[in-house]
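Student: Turn this into a model:
(chains A and B)
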Amino acid sequence: MLSIILLSVSGLANLFLGFLRSNRAILPAVMLVLAAVLAINIFDVDNSSAAIAEWARVDYLRSMLQFDQYARVFTGVIVLTALLLLPFSQKFVQDDNPNLAEFYSIILFSLVGAIMMVSYTNILILFLGIETLSIAMYVLAGSDKSNLRSNEAALKYFLMGSFATGILLFGVALLYGATGTFDLTQMGTAIRALPAADATLTPMMYIGILLMLIGIGFKISAAPFHFWTPDVYEGAPTVFTGFMSTVVKTAGVAGFFKLLVVAFGGDTIPFWLPTLTTMLVLTLLIGNVGAVAQKSAKRMLAYSSISHAGYLLLALVALRTGALSASAIFFYSLAYSLATVAAFGVLQLVYNQRQREDYDGLNGLARTNPLLALAMTISMLSLAGIPLTAGFFGKFQLFNAAAQEHYIGLIVFAVVMSAIGIYYYLRPIIAMYMKPAEEGAEAPVPVTLLQSAVLVVLMGLTVLLGVLPGLLDGVLNAQQ
Amino acid sequence: MLTALLLIWPVAAALLLHFVRGSAARALAFGASLVELVLAIYAAFQFQTDYSLPHFELDYAWLASAGIHFHIGMDGLSLLLVLLTAFLVPLILLASFRHEYENPSVFYALVLFMQSGLIGVFVALDAFVFYFFWEVALIPIYFLAGVWGGERRVQVTLKFFIYTVVGSLLMLAGFVYLYYMTGATGAARSSDLSAFYNLNLSTEEQSWVFLLIFAAFAIKMPLFPLHSWQPDTYAEAPAPATMLLSGIMLKMGIYGTLRWLMPVVPLGVSRWVGLIMVLAVIGVIYGALIAIRQRDMKRLIAFSSLSHVGLMIAGMFSLTAVGLQGTVIQMLAHGVNVVGMFFIADIIERRTGTRQIPELGGLTRATPLLSVTFLVILLGTVALPLTNGFVGEFLLLMGVYQFNPWLGAVAGLTIVFGAVYLLRMFQRVMLGPDSSFSAVIRDLTGAELAVLVPLVVMVFWIGLFPGTFMHISEPAVNKLLVLINR
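Tutor: Below you'll find the model as predicted:
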């Protein structure tokens, strides 16, 4: 709860920092707040088996929010991602943007929404969280006001997003109508009892569940509800694309998992499982095949983010394994966020200098900026799931959870899709290391000390988790 | 602990290389690889008598919740391959001294990094540790070939990378299945080698798992018809990378088959052994026939390697004691010979600017030392008695013959064909009418001799006293054979 209060208050306070003559203090101040929130969450994480088993229940707001181990762990991932991403937004500082304080406030507010999505125990809070996050994202997608594509992205995202919100809300309403409660646990009990108790209300409940699946599918860009993703990701300023594909996805999947386990679990699973499995297969297929055809690195990352939503759905499909799935989602979303932040961060820096986002824009980067090239390489290898990087153990844990539930066919399919992934993740590496810089782009890309430090941290964490995955073992699951 | 030290030392040295520039980098890398060799030899002397048991084990809970341990150790078979790696890497580094590579500190760091990955593969005792190092060894070689390679390096290395990664992902799927089956009886799941050895799977399951895992090994070796990445990659990669690939990396596939495939799914092996024997023998003939037609020295050696590896696969799948022993000895012999052959091709290319056989000729008059060493290593490859190639190929052919006399007879052609294309190459390059290079070419320098003399010594050592190495590998191989025939 402290995280939400701290972020909201500092978001408001941050607005006043805009009155200062210099904008320089804002970024450090925001990063400090995020570091504090992160510290709070890390110190709260309790590795004792009792706490994990109980998920250390601490209720707030008359049991509408619950800050258990699950919420704390995912809050940690979200805040860490945001903290490491922010330094790459420094372009706006140099531009002397008069609205700088507002940007950072919006980011802080969006984090509040994301934290609500991982700590809700009431479907209304989930809805509020999704909306708080989404509205902030609409603004951020259009924050490059002079750029036509950014405007297009914002409008597209807004229209599609509102449509999805409508569907989601419709689902919530139908479920409320069928069960008479918003509380997640009570709703779960009611849903499981309903088919036997009241045949007339059952169709309403089923439609409600399907509509909610569709609504959340939109938010995490799962196929066939992904059509907005490539255009929006490409048009939005690169830093905020990074934000969308990490924070929004982590919060969305974590919230989705909780919804499925608590409210739609047990006997309800066979009803929605075919739908979710179809979504998974389509998402992996479209994400990976779509990424192969791209010429722009940024657009490739947009499709890759669709495909990673597909891998994460594996854990949702295997949700009967409980803690194993939760811990797989945690590890994977952390590994994926670290790699994605590095990739988008490097792309943003290159774009600042070269004004390009295609593969050829990266040519010769290994010679001009070895650090950027190395960070991008490690990030690509991690996204591709090659050992020595966190991405490998992330994928392994997801497949592990799915194998536990005997989804051998799905795993083989996902493995084939990862093999396709190797092809497009190698393309930035080839451009950076094996092609000379284009004429007029031989100058090194300017990187601040803070940005270099953050890239080193990102690389370090990715490799550390790739070599010693046991470090995070037992945070959400008990040791064997 | 000694095993862990063997793994960590090259990585530590590779990281240190980051802080030095220019020629200091290669000196440091060479020094580090010599230390590694000393460590490996020390390990060999520290071995207790029973070579069939893993020594210097390390067992650390890697991912405790999933029952995955970082378990490494060396038995006789692992020890031989670790020794081979530790012996060849300093020579490969020394061989590269003549070249001026851009960013030498990165180049040599990648070679050392690769060494660590290779050793990791040979000492892993847990399936996921094995897979981990299997992939770790791939990344440096990809960059070595892709950044410092020839003109067509980008397409060629991309093909190589995708080929091998697809194979290893299939292997991973196979391992995951085995890992699940270890928990089938209600016991805790484990990916440990011993747990895999204790599995009791049906023939049907075993034959599927065999195909999944063998895909990775067959691509790496490579087995005909999965070899199409190999000649291009060997030809395009810089000389040290080619030597690493052919000298050590292809042994990963053979070692993997011996350790992780045959004893784990013996019924799967017997289900597919006929097909693999035929493919392997086709590879022997095919590689040899193509090698005869080659004009490019590097490509000729690449296809000759394909042919010799075909015989190793056939001998291994004969599942006889002589065949397996022959495979082990031939792994060492082939590693020594192929590195020597590629190095000599590199020396000639550097002196004359070409590796096209028709453009060369009559080099021998000005280069007596080069001619002698070339001939010795070449005869080792041809498998002349008293050289290392003879011991291995003789045992291998005996194994194949015991499996099926007809196949043995066809596979025996490898020696005949080998003599044809290799001696013809020697004749056209070193003897024959003088070419424009015959007068100006320089003989071997000190550093080159320092590489070739140890190789020549090994050619004779393995050829005359194969017992030194066979008694190390024999108990381990016999133990594997018991598991295969269980």
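
Student: Those residues of chain B touching chain A, which are they?
Tutor: Contacts of chain B with chain A, taken as CB under 8 Å from any CB of the partner chain, map to B:61-67, B:128, B:131-133, B:135-136, B:139, B:143, B:146-147, B:153-154, B:158, B:161-162, B:165-166, B:169-170, B:172-173, B:176-177, B:180, B:188. Where C-beta positions appear, they are placed from N, C-alpha and C, glycine not excepted.

Student: Out of these, which sit inside strands?
Tutor: Under the assignment DSSP state E, the residues of chain B next to chain A contribute B:61-63 to strands.

Student: and the gap between residue A:345 and residue A:111?
Tutor: 18 Å (CB to CB, to the nearest Å).

Student: One more: residue B:59?
Tutor: Residue B:59 sits 42 Å away from residue A:111, going by CB to CB.

Student: picking up where we left off before, show me just the buried residues among the residues of chain B next to chain A.
Tutor: Buried members of the residues of chain B next to chain A, scored by 16 or more other CB atoms under 10 Å in any protein chain shown, are B:61-63, B:65-67, B:128, B:131-133, B:135-136, B:139, B:143, B:146-147, B:153-154, B:158, B:161-162, B:165-166, B:169-170, B:172-173, B:176-177, B:180.

Student: Near chain B, which residues of the stretch 301-450 of chain A? Just list them.
Tutor: Residues of the stretch 301-450 of chain A lying near chain B by CB under 8 Å from any CB: A:324, A:327, A:366, A:381, A:386-388, A:392-393, A:396-397, A:399-400, A:403-404, A:408, A:411-412, A:415-416, A:418-419, A:422-423, A:426, A:430, A:433-435.

Student: Number of residues surrounding residue B:184?
Tutor: When neighbours are counted by other CB atoms under 10 Å in any protein chain shown, residue B:184 registers 11.

Student: what's the distance between it and chain A?
Tutor: Distance, residue B:184 to chain A, using CB to the nearest CB, to the nearest Å: 12 Å.

Student: Wait, a helix at that residue?
Tutor: No. With DSSP: H, G, I helix; E, B strand; the rest coil as the criterion, residue B:184 is assigned coil and is not in a helix.

Student: Give me the below-cutoff pLDDT ranges for the stretch 51-200 of chain B.
Tutor: Of all residues in the stretch 51-200 of chain B, none has pLDDT under 70.

Student: switch to 90 and redo it
Tutor: Low-confidence segments of the stretch 51-200 of chain B (pLDDT under 90): B:51-77, B:79-80, B:91-110, B:112, B:128, B:135-136, B:138-140, B:142-170, B:172-200.

Student: What's the nearest residue in chain A when you look at chain B?
Tutor: At 4.2 Å from chain B, residue A:387 is the closest residue in chain A, using CB to the nearest CB.

Student: What residues does the closest residue to residue B:447 other than its chain neighbours make contact with?
Tutor: Ranked by CB to CB, 6 or more residues apart in numbering or on different chains and with sequence neighbours excluded, the top spatial neighbour of residue B:447 is residue B:97, at 5.5 Å. Contact analysis of residue B:97 by CB atoms under 8 Å, 6 or more residues apart in numbering or on different chains lists B:26, B:30, B:447.

Student: Distance-wise, check the last one relative to chain A.
Tutor: I take that to be residue B:447. According to CB to the nearest CB, residue B:447 stands 29 Å off from chain A.

Student: does that residue belong to a helix or a strand, and which?
Tutor: Following DSSP states H and E, one finds residue B:447 within helix B:446-464.

Student: and if you look at the first one?
Tutor: Secondary structure from DSSP H and E places residue B:26 in helix B:23-46.

Student: And that helix, what does it pack against?
Tutor: Packing partners of helix B:23-46 (3 or more CB pairs under 8 Å, 6 or more residues apart in numbering or on different chains; DSSP states H and E): helix B:2-17, strand B:55-63, helix B:76-95, helix B:104-123.

Student: re the thing from before, tell me the SS of the residue of chain A closest to chain B?
Tutor: Applying three-state DSSP: residue A:387 is coil.

Student: hang on, it packs against residue B:138?
Tutor: No. Residue A:387 lies out of contact with residue B:138 (CB atoms under 8 Å); the separation is 9.2 Å.

Student: Tell me which of those two has more neighbours.
Tutor: In this view residue A:387 and residue B:138 are compared by other CB under 10 Å, and residue A:387 has more residues nearby, 25 against 22.

Student: The closest residue to residue B:218 other than its chain neighbours and residue A:90, how far apart?
Tutor: Using CB to CB, 6+ apart and skipping residues adjacent in sequence, the residue nearest residue B:218 is residue B:226, 5.2 Å away. Counting by CB to CB, the separation of residue B:226 from residue A:90 is 49 Å.

Student: ok, the residue of chain B most remote from its centre to residue A:225 distance?
Tutor: Here chain B has its C-alpha centre computed as a mean, and the residue farthest from that point, by CA atoms, centre = their mean, is residue B:186 with 39.0 Å. As defined by CB to CB, residue B:186 lies at a distance of 41 Å from residue A:225.

Student: Repeat that for residue B:441.
Tutor: According to CB to CB, residue B:441 and residue A:225 sit 69 Å apart.

Student: ok now do residue 211, which residues does it touch?
Tutor: Defaulting to chain A. With contacts defined as CB under 8 Å, 6+ apart, residue A:211 is in contact with A:167-168, A:170-171, A:174.

Student: wrong chain, I was asking about chain B
Tutor: B:268, B:272.

Student: name the element it belongs to?
Tutor: helix B:203-220.

Student: buried ones in that helix?
Tutor: Counting neighbours by 16+ other CB under 10 Å, helix B:203-220 gives B:205-220 as buried.

Student: for the record, mean pLDDT for the longest helix belonging to chain B?
Tutor: Of all segments of type helix in chain B, defined using DSSP state H, the longest is helix B:321-352. The average of the pLDDT scores along helix B:321-352 is 89.

Student: ok, then the element right after that helix?
Tutor: According to DSSP H and E, the helix or strand after helix B:321-352 is helix B:368-382.

Student: how many other residues sit next to residue A:86?
Tutor: 23.

Student: show me what contacts it?
Tutor: Applying CB under 8 Å, 6+ apart to residue A:86 gives the contacts A:27, A:30-31, A:34, A:104, A:107.
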